[in-house]
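In: Sequence first, predicted model second:
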Amino acid sequence: MTDRFRDKLLPVTVLLLGIIALWYAGAYAMNAPFQRDLDRRAGETPAFSEFFVRTMTQPKPTLPAPHQVAQNFFENTFLRKVTSSRSLVYHAGITLSSTLAGFAIGTLLGILIAVGIVHVTALDRSLMPWIITSQTIPILALAPMIIVVLAAVGITGLIPKALISTYLSFFPVAVGMVKGLRSPDVLHLDLMRTYNASRWQTFWKLRLPASVPFLFASMKVAVAASLVGAIVGELPTGAVAGIGAKLLNGSYYSQTIDMFSALVAGSIVAALLVAAVGLVGRLVERGMGGRPA
Amino acid sequence: MSIFLRNWQSVLALALVVTSFAFLPIVSSGAGGTSWPIVLLLVAGAVGGVALGNTVAVSAVLFIAAHGAVWLLLSALTDHAGRATPSFWLLLAASWLLAWRLVTVLSAIRTRDRRTDILLRLFIPFLFGAWLLILWEAIVGGAGIPFVLLPPPSAVAARFANSLPILAADVNQTIFKAVLFGYGVGCGAGFLAAIVADRFTFMQRGLLPIGNLVSALPIIGIAPIMVMWFGFDWQSKAAVVIIMTFFPMLVNTVTGLAAAGHMERDLMRTYASGYWQTLAKLRLPAAMPFIFNALKINSTLALIGAIVAEFFGTPVVGMGFRISTEVGRMNVDMVWAEIAVAALAGSVFYGVVALAERAVTFWHPSIRGG
Amino acid sequence: MTASQNSVVEARGLGLTFDTGDGQVHALSNVNLTINKGEFVSFIGPSGCGKTTFLRVIADLEQPTAGTITVNGRSPREAREQRAYGYVFQAAGLFPWRTIERNVALPLEIMGYSKEEIGQRIHRTLELVNLTGFEKKYPWQLSGGMQQRASIARALAFDADLLLMDEPFGALDEIVRDHLNEQLLKLWARTEKTIGFVTHSIPEAVYLSTKIVVMSPRPGRVTDVIESDLPRERPLDIRETPEFLAIAARVRDGLRAGHSYED
């Protein structure tokens, strides 16, 4: 336990504290010119300590100080009713629902395509190069069009956003799963051959279990991508609800504090999602007799 | 029996062609004369694909039949958009099945000749991509899907060819200014930070978990803040790209620098090699596969970052700007043209990095093995 | 020519040529060999002599390009489809996500044995390789020697009469190896199986075998077949007797003859 503290927790904590200190310094530096301007117009010449406090308490600072963001985040998360449109929990919930819907469909689709690619040569030779190539394409650029075009035919709300999330999470899962299904070494495949095992048996008893670590590694990437997709998908809808909408609204009205706390909310959702996938992955691998790390 | 099972695409195609007789002509307003060449081509392709023994002959017959038929089908649609009959769809499905059969035949070819192999490796996915476009064109045209919902590829291509100066200006603004600058600075800074972290174990232990966490966060969300700070021009987009590319580079380089084996490190110790010598001669070369991994990930991230950041505000040029404004005007063909450019740029960018990787890490098993 | 009732593997003029980028490699050339029921046959030779390839041809993991081979009087493919042999690879190759007993159960599940039957066979074969008590362990919790014993148990579980072993103890240290060799002989005596065993250790080959096939590379071929007249009952110290040393010397001569061919 003390080793873990010394090797990991202590350095991380020190570094985080350092980042917060830098953030304060940055907030002072970036907010100072505007504050100076303000003070000059008001004809005041405050002492440095007074001036410093003022740079940390502007209502629309260029860079909000950490405590401003923390306070805003706390108020909008814990003190508001969950159904209120100012509650971050409400917005995070909206974003989370389309993220999860898209992630679930995308993962299923990715697994199915991977199974097809591994078993059908024609698919492997014709589809696989496109899947690899499409990873190099900024697919996210499609997001506004999907939203707007679907809205034009009357489909709005969760489905278009989930569609973008599906699209973004499908590729990493397909690629990772193909890798995983092909990961058994020749020795294991030869072994199945000496048993005269059918393709089906080889799939269930060898390929599928061997692919599990690959599946969860790619699902971690996919769930993060899914969330990004949902957030970006919320931008062009006129910003009704969700973390992306909150960001866009903030940028319309220069509400930097709101924007930062929306970012914090998004980051927490992302971290929780990735951690949840990682946890499930670890549990499944432990259930399969994986060596504890 | 097995010959039919092996050629099930051809058999099914034949069945579809026969069924289509019940619904002729192929478009609901006259012009039935063109359907007989299509039927003949498809029947010849289906029968020839089964009867001929030689792979080359089978491929040639299937190729001509499938593509000839679908070309006739598409040209029958000119001036008759949205008037396709069930017969049209059956014949389209039959041509597609023959193309599938062709891909299956081609995929089964095992050749020792390197050049043929490379040609096949390129041609099979090319066929797949071409059929994606063909089906897209045929379905949009045949079913008369509204232009706003999904323009046919031919319209996108025409728009692309007519808007080259605009597209070029957008690429210049987004890629040559924002992406390349941001990518260079972001990757460079990430690399340097990793070297610094490497010198101090304490830093490394703290940075790695933080960097890993940040890599999973929706960093793209800082785009509106950067636009607020650095203005509408490319500098704000470059800032987004810098932040997005910094962390993957940092994490991968730190991991890569730890990748050199104990034996090799002990060897360097026996030479009394200093820190920088070990870094230059052993650890950096060993880290190269990881560094290139980050460069490849970042090539896509950089494009995404710049384009999405432009959704939050730009001068009147740029790929993200064009996409968001043309979507608003419902000029979807222009949006698709811009997306095609983005796809092309992304692939080229990635390809250049991958080529550099091949040149630098030629010794790595993943490259050696092909 | 009719194979004798007794023969398990019968190879006549067997050849196998691989096409590689650098041209053709003659992995096997004109191999004639009979393995009789109940024999312990070792294949010995330097790397590249085709000993592993020959074993893989018997197992239908490679297809010969010349000559004929029968296993139990049928083609290797038919023999494989009837699950006529158990195969032990160089590495244990246990599935890391299965316990030892589930690993032994793997071939039985594939071959459709009933649940009770699988339970009985796991018990019996693990007892045979002295792994009783380790049923619930995962492979990584066992030593290398124990892992290899588990993989032998896996090959024995479905009662094939022929056991093919491709350098099964190659990665283990000398002491563990001696121990496993002794156990393998006991197992062979108890089960009366026919065993094909690839090795590149002369003492191991002489100690285990009733017949030693000496092979040499480029092209891979059989240079000598030595029938051992050592008694079936073989304590470890038999390796110091003059009879043992005489056979070892003949194997060594055979290997040397094969080598001088190439230089």
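Out: Arrived safely.
In: drop to CA atoms for contacts and neighbour counts, all remaining ones
Out: Will do.
In: Quick check: next helix or strand after the strand or helix carrying C:R177?
Out: Secondary structure from DSSP states H and E places C:R177 in helix C:174-191. Going down the chain from helix C:174-191, the next helix or strand is strand C:194-199, by DSSP H and E.
In: Can you check what angle separates the helix holding C:R177 from strand C:194-199?
Out: 170 degrees (axes from the mean of the first three to the mean of the last three CA atoms, to 10 degrees).
In: which other helices and strands contact helix C:174-191?
Out: helix C:144-156, helix C:202-208 (3 or more CA pairs under 8 Å, 6 or more residues apart in numbering or on different chains; DSSP states H and E).
In: What is the distance between the shortest one and the centre of its chain?
Out: When C-alpha coordinates are averaged (CA atoms, centre = their mean, to the nearest Å), helix C:202-208 and its chain have centres 13 Å apart.
In: And it, what's buried?
Out: C:I202, C:E204, C:A205, C:V206, C:Y207, C:L208 (16 or more other CA atoms under 10 Å in any protein chain shown).
In: ok, now stretch C:124-144?
Out: C:R124, C:T125, C:L126, C:L128, C:V129, C:L131, C:F134, C:E135, C:Y138, C:P139, C:W140, C:G144.
In: ok, A:S198 to chain B distance?
Out: Going from A:S198 to chain B by CA to the nearest CA, to the nearest Å gives 19 Å.
In: Tabulate the buried residues of helix C:202-208 (a markdown table), appending pLDDT and distance to C:I118.
Out: Shown next, in a markdown table, are the buried residues of helix C:202-208 (pLDDT from 0 to 100; distance: CA to CA, whole Å):
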| residue | pLDDT | distance to C:I118 |
| --- | --- | --- |
| C:I202 | 91 | 38 |
| C:E204 | 91 | 33 |
| C:A205 | 92 | 33 |
| C:V206 | 92 | 35 |
| C:Y207 | 92 | 33 |
| C:L208 | 92 | 30 |
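In: show me what contacts C:D224?
Out: Each residue near C:D224 by CA atoms under 8 Å, 6 or more residues apart in numbering or on different chains is listed here: C:V213, C:V214, C:M215, C:G254.
In: For PyMOL, what selects the buried ones among the residues you listed?
Out: PyMOL command restricting those to the buried ones, with burial defined by 16+ other CA under 10 Å:
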select buried, chain C and resi 213+214+215+254
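In: which of the contacts of C:D224 lies closest to chain B?
Out: C:M215 (29.9 Å; CA to the nearest CA).
In: Quick check: the closest one touching C:F43?
Out: Yes - counting by CA atoms under 8 Å, C:F43 is a contact partner of C:M215 at 7.1 Å.
In: Can you work out which residues contact both of those two?
Out: With CA under 8 Å, 6+ apart as the test, C:M215 and C:F43 both reach C:K51.
In: quick revisit: the contacts of C:D224 in helices, which ones?
Out: The helices, defined by DSSP state H, take in C:G254 from these.
In: what sits against the closest residue to chain B within the stretch 151-263 of chain C?
Out: Here the residue of the stretch 151-263 of chain C nearest chain B is C:A171; by CA to the nearest CA that distance is 20.6 Å. Going by CA under 8 Å, 6+ apart, C:A171 touches C:Q90, C:A91.
In: pLDDT score assigned to it?
Out: Note for C:A171: predicted pLDDT of 80.
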